[in-house]
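Q: Turn this into a model:
(3 chains)
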Amino acid sequence: MSSAGECDGTPESELIPDGNRMTRLRRNLSRWYAANGRELPWRATHDPYRIWISEIMLQQTTVAAVIPYFDRFLKQFPTVDVLAAADENDVLRMWEGLGYYSRARNIHTTARQLVAERDGTFPEDADELQRLPGIGRYTAGAIASFAFDRRAPIVEANTLRLYSRLLGYQGDPRSSAGQKLLWRFAEEVLPRKQPGRFNQALMELGSTVCTPTAPDCPKCPLRTVCRAFAENLQSEIPRPKPRPQITPVVEASIAIRRADTYLLRQRRPEERWAGLWDFPRFEVGPDLLSQADESPERMVPFLQQSLRQPLEKLTGVSAELTSVVTELRHSVTRYRIRLICLEAEYRDGRLANGEETQQWCRPEEFEGLAFSVTGRKLARLLSQRDIGSS
DNA sequence: CATACGTGGTG
DNA sequence: TCACCAAGTAT
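A: This is a model prediction of the structure:
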């Protein structure tokens, strides 16, 4: 019986390269990075605040997507003190469209904590950093090494792939055993001098050369020490992550108009997009799906029937659906959502909850509120249409 | 150890 | 169109 890590007969304990190969690896990578490292907005500094913000934004998010957000965010909140003094809604507003909004809340919480408890300074130690909200093992290592040049290891998407290939590790690198091996390698490969720069070099190589599909091995400075390359296993390593099944869903978003305002609600803590503003939104039962497949306009009477009660229960008001504004599609986690956006005319009733979580809002006021992406798209459509009709 | 959490880009 | 992937963390 052999474990997943030794399918090819090599025990995991022997996968870590010896001293000579480590030395060659470090030298080759360092030279390569000097010539090939990209200039990124958060690389030109050792400011822990900037590095922290960039690392949080980069969690599960591409560099290209982050850059404009990073620039805007730093302009609005240039220091940890400014961030700590801001309202949460304004922080979320800057985060709008980036996803994983708990990151924005954690950033805000952490900023306040640092200002309150440490005069706005950051811990320099990875273990201390990891105690802060939203900072896990990777991010702690990244901040400690990039900002303070601590010898802290990192393992994330790029390095997980790079290390797995370098070691020729055919087991599951996300498993407990795989993680243990990779973190050990990450620690042992780290040089005494400029560990932060070296960590960045590892990630850079992983993201630009040792790519998920079609890695550019001929250009890789580490091909001579790469076990996957030696055995031509680049396309087998790392083992792909299993993906959950996608479920199609139909939802309806209702923009209830009352004079020159629309009803908005703040999503509850247990809902997706918790705390963000949205138009009242409902799942459309499978019984209406057949109607949904017809022209959307034909759905209006059916939706009027089926949504009247839920709408009253959720908001406290009743309204008459008038027309379909647009249809949006988006995927979120394991759902593919077809969102039918409708307009409705307010009839009667008063808001169920206080003005805290529901409010009548003029389109000009939409800009200041944080929405999810689909909520923002509908908000913009209504604003534009409103201007056009007035 | 599995799952929730978002969105946009790519082949 | 669609599956896959992205500088992960919290529970």
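Q: Skip the chain neighbours and tell me the closest residue to residue A:248.
A: Nearest residue to residue A:248, sequence neighbours excluded (C-beta to C-beta, 6 or more residues apart in numbering): residue A:336, at 5.1 Å. Quick note: C-beta positions are derived from backbone N, CA and C, even for glycine.
Q: ok but that neighbour is inside a strand, no?
A: Yes. Counting by DSSP: H, G, I helix; E, B strand; the rest coil, residue A:336 falls inside a strand.
Q: buried ones in the helix or strand where residue A:107 lies?
A: Element membership of residue A:107 [criterion: DSSP states H and E] is helix A:102-118. If you call a residue buried by 16 or more other C-beta atoms under 10 Å, then helix A:102-118 has these buried ones: A:103-112, A:114-115.
Q: same question, stretch A:345-365
A: Buried-residue list, stretch A:345-365, by 16+ other C-beta under 10 Å: A:346, A:358-361, A:363.
Q: Need the pLDDT of residue A:132.
A: With respect to pLDDT, residue A:132 scores 98.
Q: Excluding chain neighbours, what is closest to it?
A: Counting by C-beta to C-beta, 6+ apart, the nearest residue to residue A:132 once its immediate chain neighbours are dropped is residue A:110, at 4.9 Å.
Q: Next: residue A:197.
A: residue A:33 (7.3 Å).
Q: and if you look at residue A:21?
A: Once flanking residues are discounted, residue A:21 sits nearest to residue A:225: 4.9 Å by C-beta to C-beta, 6+ apart.
Q: Could you tell me which residues of the stretch 1-150 of chain A lie near DNA strand C?
A: A:40, A:42-43, A:54-55, A:58-63, A:100, A:102, A:106, A:133-140, A:142 (C-beta under 7 Å from any atom of the strand).
Q: which non-adjacent residue is nearest the one residue in chain A that gets nearest to DNA strand C?
A: Nearest to DNA strand C in chain A, going by C-beta to the nearest atom of the strand, is residue A:136, at a distance of 2.4 Å. Spatially, and ignoring its direct neighbours in sequence, residue A:136 is nearest to residue A:130 (6.5 Å; C-beta to C-beta, 6+ apart).
Q: Settle this for me: that neighbour is touching residue A:137, isn't it.
A: Yes. Applying C-beta atoms under 8 Å, one finds residue A:130 in contact with residue A:137, separated by 6.2 Å.
Q: residue ranges with poor pLDDT in the stretch 201-350 of chain A?
A: A:289, A:291-294 (pLDDT under 70).
Q: Do a quick rundown of the strands in it.
A: A:247-258, A:261-266, A:277-278, A:281-283, A:318-332, A:335-348 (DSSP state E, counting those that start in this stretch).
Q: could you give the angle of the last one to strand A:318-332?
A: So the one you mean is strand A:335-348. Orientation check (axes from the mean of the first three to the mean of the last three C-alpha atoms, to 10 degrees): strand A:335-348 against strand A:318-332 gives 160 degrees.
Q: Does the residue in chain A positioned nearest to DNA strand B belong to a helix, a strand or coil?
A: Closest approach between chain A and DNA strand B, counting by C-beta to the nearest atom of the strand: residue A:99, at 2.6 Å. Secondary structure assignment for residue A:99 (three-state DSSP): coil.
Q: residues in contact with it?
A: If you count contacts by C-beta atoms under 8 Å, 6 or more residues apart in numbering, residue A:99 has them with A:60-61.
Q: can I get the buried residues of helix A:102-118 in a markdown table with distance to DNA strand B and pLDDT?
A: Formatted as a markdown table, those follow (distance: C-beta to the nearest atom of the strand, whole Å; pLDDT from 0 to 100):
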| residue | distance to DNA strand B | pLDDT |
| --- | --- | --- |
| A:103 | 7 | 98 |
| A:104 | 8 | 98 |
| A:105 | 9 | 98 |
| A:106 | 11 | 98 |
| A:107 | 13 | 98 |
| A:108 | 14 | 98 |
| A:109 | 15 | 98 |
| A:110 | 16 | 98 |
| A:111 | 18 | 98 |
| A:112 | 20 | 98 |
| A:114 | 22 | 98 |
| A:115 | 24 | 98 |
